[in-house]
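Participant: Structure, please.
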Amino acid sequence: MADKLAFVRHGERRRINRHRSSSEESHPSDTAESRVFMTMSDGTNDSSCSAPTEAIFKALVRAPAVRELIAGIQQATSLALKLVPADACRRCPSLESPENPFCAFAKRQEHGPNACCKACDDLLGRVQRNVRPYRLTCFSGMIHTALPIVVSGQHVATLTAGQVFLRQPGRHAFGRVRKALTRLGHQRQLARLERLWWRTPCLSRRRFAGCITLLSGFARLLAHCAGRWVIADSNTEPLAVERTKQYVRAHLAEPISLGTVAKHVHLNRHYFCKLFRRTTGMTFTHYIRMVRIEKAKDLLRDSRLSIKEVAYKSGFRSISHFNHIFRSATGITPSLERANHRQAKANPQQTKRIGDGAFSASLNSSV
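Facilitator: Numbers count the residues shown, from 1 in each chain. Here you go, the predicted structure:
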């Protein structure tokens with residue numbers, strides 16, 4: 001009986017080993033992992049193809065143009081601007097302009113941060129839940145606005161602006177604020193807080209509406225250029241990653257194999273994947289997808305090329321897959337993207353893009 005059980009167990013082990021070996025032969029790692037084009041073609045889950053929000057937000061913060069624009073908008077509008085990460089990448093540092101002196105001083109006090117940040121946290125929470133612009137007035141009478149930055153269907157960041165008055169406060173207006181500050185435990189700093197409060201800029205509603213239009217355009221600009229900033233080269237990248245990006249750009253219209261690229265940079269495939277993700281913040285598949293989408297955007301500017309030619313030159317082998325990936329990354333179809341370029345070329349002064357109507361309507365109704 002014992003010999004029979006041993007024979008059965010031995011037979012089961014042989015059957016399991018045969019099953020494992022056949023599975024490995026039918027699904028080799030090179031086919032499932034290194035064939036980037038096939039991985040992208042058969043993927044139907046948009047989230048698996050989207051670049052991580054953390055990598056996109058870091059690219060926005062590092063871009064010199066973003067820093068210069070935030071500083072310039074703050075000087076021109078008197079609004080305190082802040083670019084904060086979405087909830088998915090809260091560990092990333094934010095990018096901000098100088099705060100209103102009243103708000104900055106109140107936050108430095110013992111009871112300041114919990115009280116002064118509550119309104120801002122509520123505002124960011126609304127934007128995070130609904131992904132639409134919102135506006136609120138804090139206890140000090142200042143206005144605060146928040147606009148979401150959406151890239152490839154992901155809420156990557158939130159642009160906040162405000163800490164200004166929309167109406168010149170009256171002579172006794174600080175009385176209500178004094179009571180609120182007293183309840184919050186700021187009795188010793190009331191005199192200084194009052195002086196700083198009266199120095200708060202006041203914008204007319206018409207000027208504030210113009211500022212909101214400017215901020216909405218800035219938000220769309222960030223969403224539009226984020227992809228280019230993510231795939232851009234960096235002087236601090238390892239040589240292997242730099243050569244990988246050069247190889248991808250040179251062979252973009254061809255099916256790109258992960259094994260071929262790893263061999264090109266003389267690295268083990270497993271180590272190459274870890275190095276690329278640690279350096280860029282995204283997987284190699286994500287990077288290929290973003291480069292192809294940005295290439296397609298450039299090609300769509302040429303009206304002599306058909307949508308099919310644009311797809312093939314960008315590395316896609318299926319029109320339906322190209323339309324699906326392009327729409328999931330940009331929110332619009334390739335044909336609509338081309339129509340936007342034509343409209344911008346025909347009317348340079350008209351900044352509104354086709355497909356942005358929903359965003360603008362939401363902005364006007366919420367802010």
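
Participant: phi, psi of residue 82?
Facilitator: phi -150, psi 130 (degrees, to the nearest 10).

Participant: That one and residue 98 touch, don't they?
Facilitator: No. Residue 82 lies out of contact with residue 98 (CB atoms under 8 Å); the separation is 10.4 Å. To be clear about C-beta, it is placed using only N, CA and C from the backbone, and glycine gets the same treatment.

Participant: between these two, who's got more neighbours?
Facilitator: Set side by side, residue 82 and residue 98 show more neighbours around residue 82, with 22 against 11, by other CB atoms under 10 Å.

Participant: so how far is residue 60 from that one?
Facilitator: 13 Å (CB to CB, to the nearest Å).

Participant: any shared contact partners between those two?
Facilitator: Common contacts of residue 82 and residue 60 (CB atoms under 8 Å, 6 or more residues apart in numbering): residue 95.

Participant: residues touching residue 333, list them.
Facilitator: 323, 326-327.

Participant: Spatially central residue for this structure, please.
Facilitator: With distances taken as CA atoms, centre = their mean, residue 156 lies nearest the centre of the chain, 3.1 Å away.

Participant: wait, is that residue part of a strand?
Facilitator: Yes. Checked against DSSP: H, G, I helix; E, B strand; the rest coil, residue 156 lies within a strand.

Participant: where in the chain is pLDDT low?
Facilitator: By pLDDT under 70, the weakly predicted segments of the chain are 1-52, 88-92, 110-117, 233, 348-367.

Participant: Do I have it right that residue 160 meets residue 149?
Facilitator: No. Counting by CB under 8 Å, residue 160 stays clear of residue 149, with 11.0 Å between them.

Participant: any common contacting residues for these two?
Facilitator: With CB under 8 Å, 6+ apart, residue 160 and residue 149 have common neighbours residue 83.

Participant: Remind me what the helix or strand hosting residue 179 packs against, helices and strands.
Facilitator: Using DSSP states H and E, residue 179 falls within helix 174-183. Packed against helix 174-183 by the contact rule (3 or more CB pairs under 8 Å, 6 or more residues apart in numbering; DSSP states H and E) you find helix 190-198.

Participant: Buried ones in the helix ranked longest in the chain, by neighbour count?
Facilitator: With secondary structure taken from DSSP state H, the chain has its longest helix at helix 205-231. Within helix 205-231, the residues scored as buried using 16 or more other CB atoms under 10 Å are 208, 211-212, 215-216, 218-220, 222-223, 225-227, 229-231.

Participant: tell me the domain ranges of the chain?
Facilitator: What automatic domain parsing lists as the domains of the chain is 46-50+233-364, 54-229.

Participant: and the end-to-end length of the last one?
Facilitator: Right, domain 54-229. Terminal residues of domain 54-229 are spaced 13 Å apart (CA to CA, to the nearest Å).

Participant: helices or strands next to the longest helix of the chain in the packing?
Facilitator: So helix 205-231, by 3+ CB pairs under 8 Å, 6+ apart, packs with helix 53-62, helix 64-77, strand 143-151, strand 154-164, helix 284-299, helix 357-366.

Participant: any idea where the strands of the stretch 1-150 of the chain begin and end?
Facilitator: 82-85, 95-96, 134-137, 143-151 (DSSP state E, counting those that start in this stretch).

Participant: Would you mind pulling the contact partners of stretch 219-237?
Facilitator: 51, 55-56, 59-60, 62-63, 65-66, 69, 147-152, 156-157, 159, 242, 245, 279-280, 282, 287, 290-291, 293-294, 329, 353, 356, 359.
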